[in-house]
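Peer 1: Structure here, sequence nowhere to be found:
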């Protein structure tokens with residue numbers, strides 16, 4: 001029997017009885033480990049688990065061994081609420097969608113010097129969260145709530161009533177499990193004092209309806225439309241697929257055309273960039289793009305509409321034909337000129353994230369205060385505090401606009417096949433506080 005069918009059958013047999021009318025279930029009876037197991041979730045170990053003072057409590061095992069304890073029930077989309085106590089210094093976390101054959105995701109509860117609360121980790125960091133620890137109380141019970149929905153997952157976390165994490169994995173992210181066990185962690189192998197513990201109590205879960213995290217529907221041509229869930233999550237379309245409503249062309253405004261739901265940048269025309277009619281400050285932006293050989297474009301963020309070059313009055317994420325540029329132009333690119341780079345400042349962590357010319361790419365950029373995260377085709381290119389950077393071109397970011405337009409650069413190449421060289425579609429944005 002296929003794994004998913006087995007999981008569905010097991011879930012139907014093991015779902016705990018509801019304890020309230022609004023759909024919440026208790027995952028822990030406060031006295032025993034009934035409904036929990038230490039095997040079968042990919043990160044099995046020799047940590048010691050038991051029930052102490054009404055809480056599931058984990059400590060390092062022999063040889064400072066760590067390990068997880070998992071629910072016996074698989075879950076997909078859900079909200080989960082619990083109280084957590086993590087001694088200092090000690091490393092713990094909450095794992096979701098755990099399977100023996102596929103990765104899930106971890107919300108970190110790393111209560112050590114330099115540790116992070118509410119970061120997202122799965123074989124590497126998807127999201128750092130250095131500010132999360134400011135909401136964690138030492139030597140006390142902390143109320144934690146997590147929400148997991150959709151595929152790619154939208155992951156949210158609240159600590160003591162404050163949202164610390166709100167992140168949707170970018171389209172194109174390597175496949176992660178769509179359902180699985182929930183795990184509580186003892187990391188092990190750290191610098192914890194002998195007998196340090198991670199404890200969890202009042203563990204409640206509310207299953208979410210199917211599709212709760214699906215923010216877009218997609219047609220056969222790749223066009224995306226917001227679902228009701230996407231709209232509730234705050235996403236809005238920046239491009240209607242029909243015309244340039246909400247956008248303006250710099251200069252004479254020529255060089256753009258909407259073709260079958262796609263925004264084409266034409267070789268002929270004089271406008272240097274297309275920009276939004278509204279300014280934006282803190283936001284997450286996703287878009288698809290593809291380029292022709294020799295293309296040179298870019299994404300402008302928080303650019304000052306009353307100033308000069310938007311790459312330096314705001315920020316530019318480079319879009320360039322990395323595959324042929326040096327060969328065709330007989331030049332050498334600087335590290336901060338490759339696609340996805342923060343132009344003039346930060347090189348992409350991976351240079352081969354850009355797909356071949358003519359293939360669609362997905363870019364997601366999160367900009368909140370001085371922090372900027374750029375993801376290309378599911379690969380995190382950088383996660384930086386821009387005010388700590390020393391740009392190699394342009395003024396310090398602290399001197400640049402704090403709010404401004406979003407723009408698409410039309411930096412036309414000398415020669416391409418056809419009448420267009422760059423195409424954009426599926427532009428969506430959600431404002432962040």
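Peer 2: Structure received. Quick caveat, the model's predicted, so the values are computed rather than measured.
Peer 1: and residue 418, what pLDDT?
Peer 2: Looking at residue 418, its pLDDT is 84.
Peer 1: who's in contact with it?
Peer 2: Taking C-beta atoms under 8 Å, 6 or more residues apart in numbering, we find residue 418 in contact with 267, 292. Every C-beta, even on glycine, is put in place using the N, C-alpha and C of the backbone.
Peer 1: Distance of it relative to residue 344?
Peer 2: Residue 418 sits 30 Å away from residue 344, going by C-beta to C-beta, to the nearest Å.
Peer 1: Also residue 50?
Peer 2: Residue 50 is 55 Å from residue 344, where distance means C-beta to C-beta.
Peer 1: so what's residue 23 closest to, chain neighbours aside?
Peer 2: residue 206 (4.9 Å; C-beta to C-beta, 6 or more residues apart in numbering).
Peer 1: my guess is the one you found meets residue 24, correct?
Peer 2: Yes: assessed by C-beta atoms under 8 Å, residue 206 is found in contact with residue 24 at 4.7 Å.
Peer 1: phi, psi of residue 62?
Peer 2: Main-chain dihedrals, residue 62, degrees, to the nearest 10: phi -60, psi 140.
Peer 1: For residue 388, give me phi and psi.
Peer 2: Dihedral angles of residue 388 (phi, psi; degrees, to the nearest 10) stand at phi -90, psi 0.
Peer 1: Please pull up the helix or strand immediately following the lowest-mean-pLDDT helix or strand in the chain.
Peer 2: The helix or strand with the lowest mean pLDDT-type score in the chain, counting by mean pLDDT, DSSP states H and E, is helix 3-14 (a mean of 35). The helix or strand immediately downstream of helix 3-14 is strand 25-26, counting by DSSP states H and E.
Peer 1: Tell me the helix or strand right after that following strand.
Peer 2: strand 36-37.
Peer 1: Please verify my assumption that residue 66 contacts residue 49.
Peer 2: No: in this structure, residue 66 is not within contact of residue 49 by C-beta under 8 Å, at 11.2 Å.
Peer 1: who's in contact with the residue nearest to residue 23?
Peer 2: Contacts of residue 206 by C-beta under 8 Å, 6+ apart are 22-25, 78-80.
Peer 1: By neighbours, which of those wins?
Peer 2: Counting neighbours by other C-beta atoms under 10 Å, residue 80 comes out on top of these with 23 neighbours.
Peer 1: who does the helix or strand hosting it touch, helix- and strand-wise?
Peer 2: Using DSSP H and E, residue 80 maps to strand 78-86. Strand 78-86 sits against strand 90-98, strand 105-111, strand 142-149, strand 198-207, with contacts defined as 3 or more C-beta pairs under 8 Å, 6 or more residues apart in numbering; DSSP states H and E.
Peer 1: Which neighbours in the sheet does the first one have, and how are they oriented?
Peer 2: If I follow you right, that is strand 90-98. strand 105-111 (antiparallel), strand 181-186 (antiparallel) (DSSP bridges).
Peer 1: Same question for the third one.
Peer 2: Sheet neighbours of strand 142-149, with direction, are listed as strand 78-86 (antiparallel), strand 154-159 (antiparallel) (DSSP bridges).
Peer 1: Provide the contact partners of the last one at residue level.
Peer 2: The reference is to strand 154-159. 96, 105, 107, 117-118, 120, 132, 135-136, 142-148, 163-169, 213, 215, 233.
Peer 1: cool, the first one as well?
Peer 2: Counting by C-beta under 8 Å, 6+ apart, the neighbours of strand 78-86 from elsewhere in the structure are 24, 27, 55, 92, 94, 109, 111, 140-149, 182, 197-208.
Peer 1: Emit the ChimeraX select command for whichever of those residues are buried.
Peer 2: Only the buried entries of the contacts of strand 78-86 go into this ChimeraX selection, using 16 or more other C-beta atoms under 10 Å:
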select :24,27,55,92,94,109,111,141,142,144,145,146,147,148,149,182,197,198,199,200,201,202,203,204,205,206,207,208
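Peer 1: Mutual contacts of residue 66 and residue 49, please.
Peer 2: Common neighbours of residue 66 and residue 49 (criterion: C-beta under 8 Å, 6+ apart): residue 186.
Peer 1: ok, back up a step: which one's more surrounded, residue 50 and residue 344?
Peer 2: Each of residue 50 and residue 344 has its neighbours counted (other C-beta under 10 Å); residue 344 has more, 19 against 13.
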